[in-house]
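1. Show me how the following folds:
(2 chains, ligands or ions: 2)
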Amino acid sequence: MPALLEVVDLKAAYGQTNVLHGISFVVDEGEVTTLLGANGAGKTTTLRAICGMVRTEGEIRYAGERIEGKATEDVVRRKIGHVPDGRGTFMELTVEENMKLGAYTRSDRGVREDFERMFDYFPRLKERYKQQAGTLSGGEQQMLAIARALLLRPKLLLLDEPSFGLAPLIVRDIFEILGRIRQEEQVSVLVVEQNANLALALATRAYLLETGRIVISGNAADIRNDETLRRSYLGY
Amino acid sequence: MQGVLHQILSGLATGGIYASLALALVMIYQATHHVNFAQGEMATLSTYIAYTMVTAGWSYWVSFIATVVVSFIMGVVVERVLMRPMTNAPVLALVGVFIGLLLIVNAMTGWIWDFTIKTFPSPFHSSTPLLGGFLSGHELGSTVVTLVMLLCIYLFFRHTSLGLAMRAAAYNPVSSRLVGVRVGWMLALGWGLAAAIGAIAGMMIAPIVFLDPNMMAGVLLYAFAGALLGGIENPLGAVIGGFAVGVIENLGGAYVVGTELKLTLALVIIVAVLMIKPSGLLGRTVMSRV
Ligand SMILES: Nc1ncnc2c1ncn2[C@@H]1O[C@H](COP(=O)(O)OP(=O)(O)OP(=O)(O)O)[C@@H](O)[C@H]1O
Ligand SMILES: [Mg+2]
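-> Numbers count the residues shown, from 1 in each chain, chains lettered A, B, ... in the order given. Ligands and ions are numbered 1, 2, ... in the order given. This is a model prediction of the structure:
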């Protein structure tokens, strides 16, 4: 399988503070890759770097093209869907409008059908369709964020801690649906998580990030089964 | 009683013009969190452009439409050229740009068309009073124009994908970029629309107040009062506020303070709203963004 995304020696900084110190990783076509790490490791920054939201150095190759230094809008228009840190809900707008924005750059006829598929994944969104998105629960907003990103028909989906701040039952639901999405959508996924157990179960390949450096990389199943690794690095 | 009714109706007619300009102010405020002090002067410039077209012999409505288009482009250019480089500038620098723009546009109109007061034509025959003498033809006609314009704007923002993207860009630029919205251009379009709305307001008020480079100064103050009254973050509120201010101005001018002191009413409203309920009567509570 060719790599859809290949990041080489990526550095990122906020002002004078360097946050990523030259990380390299790949996301293979059609697979789920996970980037694990504790608070402040630089996971969110990595996703922001891919989407041109922070200043970077190094190479970001996507679908045979260098995308570093491009404006966020232009990166997204190359079919990279981003479920951001904090979910990025348009609070003042309705669920319907949030979803329409997801498909904003599209003009093909499949949009209507894709809406139906999102309702199939997330029936809640159908119930709440006309409601103001700011009134949704955290779990519902996470579902909305995933639907919004999928409505772009992305080739690459970036997920920033989909489990963050949610009750265990909801987290289980969401990961179940992510499993379905992996099966049913033509999309490669890069998911950033603190919940290593869940993410490793979903992913094929995994990387562990510690204060801006990748310290472990490998097959997700292997890491999951290696007790010493798990205990010393993932803490469970 | 008849007098009161007359004052209310004609207050609604001028209120429509305040409402338009209030809407223009709110559109830019929502996107930038700044009040465009130059909105009135830009509208005056637009009205002079219309004046030039009409005096050159163009028909009124052709001049009207051409002016709206030219003003829209002017608004877009002002945003791209002047405001864009100021995106991350401190507040005071921005205020400086707004005031600079106001003074420059004002001086420019005076320089090109001189400062003498000119009459501006109305497309509506004002000689025959309508509705049993309560409204002049121009008052009725300009109210219709204003309402049609407000309806078009409402439909644009509610029911088109571009309108949705413009609202999204104002509310949440970061998320908007992440769905592929070109936020910078949405801002520029907002300026264009605001300038086009201002142009219509200018052309509708000019037959009443006559055309001179300072024509919009008072109007902008009333519009600002209307926007604050209804809620500077709420387009519908601002429109209603604009109409309300028109009525208050007329009633107050006729029965309370007299015409000379009418403008004071606008200041009273501004100060009162800022002190009592800064988010406006119909506004959400303003959440300051950090
Ligand atoms: N906007 C910012 N300005 C300055 N420093 C920042 C900014 N955002 C993040 N940082 C710093 O960069 C480092 C990495 O942050 P990042 O958000 O990428 O971590 P993370 O792995 O996503 O953590 P979390 O699990 O808490 O979301 C942290 O030390 C953080 O303090
Ligand atoms: Mg994070």
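
2. Tell me, how many residues neighbour the residue nearest to residue B:73 when sequence neighbours are not counted?
-> Spatial nearest neighbour of residue B:73, chain neighbours left out: residue B:192 (6.9 Å); criterion: CB to CB, 6 or more residues apart in numbering or on different chains. Bear in mind the C-beta positions are built from the backbone N, C-alpha and C, glycine included. Using other CB atoms under 10 Å in any protein chain shown, residue B:192 has 21 neighbouring residues.

3. give the contact list for residue B:192.
-> Listed by CB atoms under 8 Å, 6 or more residues apart in numbering or on different chains, the contact partners of residue B:192 are B:72, B:73, B:74, B:75, B:76, B:79.

4. Report pLDDT for it.
-> Listed pLDDT for residue B:192 reads 96.

5. Residue B:63 now?
-> 97.

6. Which residue is the nearest non-sequential neighbour of it?
-> Nearest residue to residue B:63, sequence neighbours excluded (CB to CB, 6+ apart): residue B:53, at 3.7 Å.

7. Compute the distance between that neighbour and residue B:158, please.
-> Remark: distance between residue B:53 and residue B:158 (CB to CB, to the nearest Å) = 32 Å.

8. Burial check on the residue nearest to residue B:63, number of neighbours?
-> By other CB under 10 Å, the residues close to residue B:53 number 18.

9. Run through the strands of chain A in chain order.
-> With DSSP state E as the criterion, chain A has strands at A:3-14, A:17-28, A:32-36, A:55-62, A:65-66, A:80-83, A:156-160, A:188-193, A:205-210, A:213-219.

10. And the residue nearest to residue B:63, its phi and psi?
-> Phi and psi for residue B:53, reported as degrees, to the nearest 10, are phi -60, psi -50.

11. so it makes contact with residue B:69?
-> No - in this structure residue B:53 lies outside contact range of residue B:69 using CB atoms under 8 Å: 11.4 Å.

12. Spell out the secondary structure type for the residue nearest to residue B:73.
-> What DSSP: H, G, I helix; E, B strand; the rest coil gives for residue B:192 is helix.

13. and the longest helix seen in chain B, how far from the chain's centre?
-> Counting residues, the longest helix in chain B under DSSP state H turns out to be helix B:2-32. Centroid separation for helix B:2-32 versus its chain: 8 Å, with CA atoms, centre = their mean, to the nearest Å.

14. re the thing from before, and the residue nearest to residue B:73, how far from chain A?
-> With distances taken as CB to the nearest CB, to the nearest Å, residue B:192 is found 19 Å from chain A.

15. Point me to the residue of chain B nearest ligand 2.
-> Nearest residue of chain B to ligand 2, counting by CB to the ion: residue B:174, 14.4 Å away.

16. what about that residue, which SS state?
-> Going by three-state DSSP: residue B:174 is helix.

17. Thought residue A:88 was touching it, still the case?
-> Yes - Residue B:174 is within contact range of residue A:88, at 6.9 Å (criterion: CB under 8 Å).

18. Strands of chain B, residue ranges please.
-> Counting by DSSP E, chain B has no strands at all.

19. any idea which helix or strand of it has the worst average confidence?
-> helix B:262-276 (a mean of 84; mean pLDDT, DSSP states H and E).

20. next one: that helix to chain centre, how far?
-> Remark: helix B:262-276 is offset 18 Å from the chain centroid, using CA atoms, centre = their mean.

21. Residue B:173: neighbour count?
-> By other CB under 10 Å, the residues close to residue B:173 number 17.

22. Just give the nearest non-adjacent residue to it, would you?
-> In space, residue B:173 comes closest to residue B:183 once its chain neighbours are excluded; the distance is 4.8 Å by CB to CB, 6+ apart.

23. for the one you found, what are its contacts?
-> Residue B:183 makes contact with A:73, B:169, B:173, B:176, B:177 under the criterion CB under 8 Å, 6+ apart.

24. and what of residue A:55?
-> Neighbouring residues of residue A:55 by CB under 8 Å, 6+ apart: A:12, A:13, A:14.

25. out of the residues you listed, which are buried?
-> With burial judged by 16 or more other CB atoms under 10 Å in any protein chain shown, the buried subset of the contacts of residue A:55 is A:12, A:13.

26. now, which of the contacts of residue A:55 sits nearest residue A:119?
-> residue A:12 (36.9 Å; CB to CB).

27. burial measure for the closest residue to the closest one other than its chain neighbours, as a count.
-> Nearest residue to residue A:12, sequence neighbours excluded (CB to CB, 6+ apart): residue A:20, at 4.2 Å. Residue A:20 has 27 neighbours, counted by other CB under 10 Å.

28. again, but for residue A:91
-> For residue A:91, using other CB under 10 Å, the count is 15.

29. residue ranges with poor pLDDT in chain B?
-> For chain B, the stretches flagged by pLDDT under 70 are B:1, B:126-133, B:283-290.

30. which bits of it sit near chain A?
-> Residues of chain B lying close to chain A by CB under 8 Å from any CB of the partner chain are B:161, B:164-165, B:167-168, B:171-172, B:174-183.

31. Read off the pLDDT value for the residue in chain A that ligand 2 sits nearest to.
-> Going by CB to the ion, ligand 2 is nearest to residue A:44 of chain A, at 3.1 Å. What the model reports for residue A:44 is a pLDDT of 97.

32. This completes my enquiry, with thanks.
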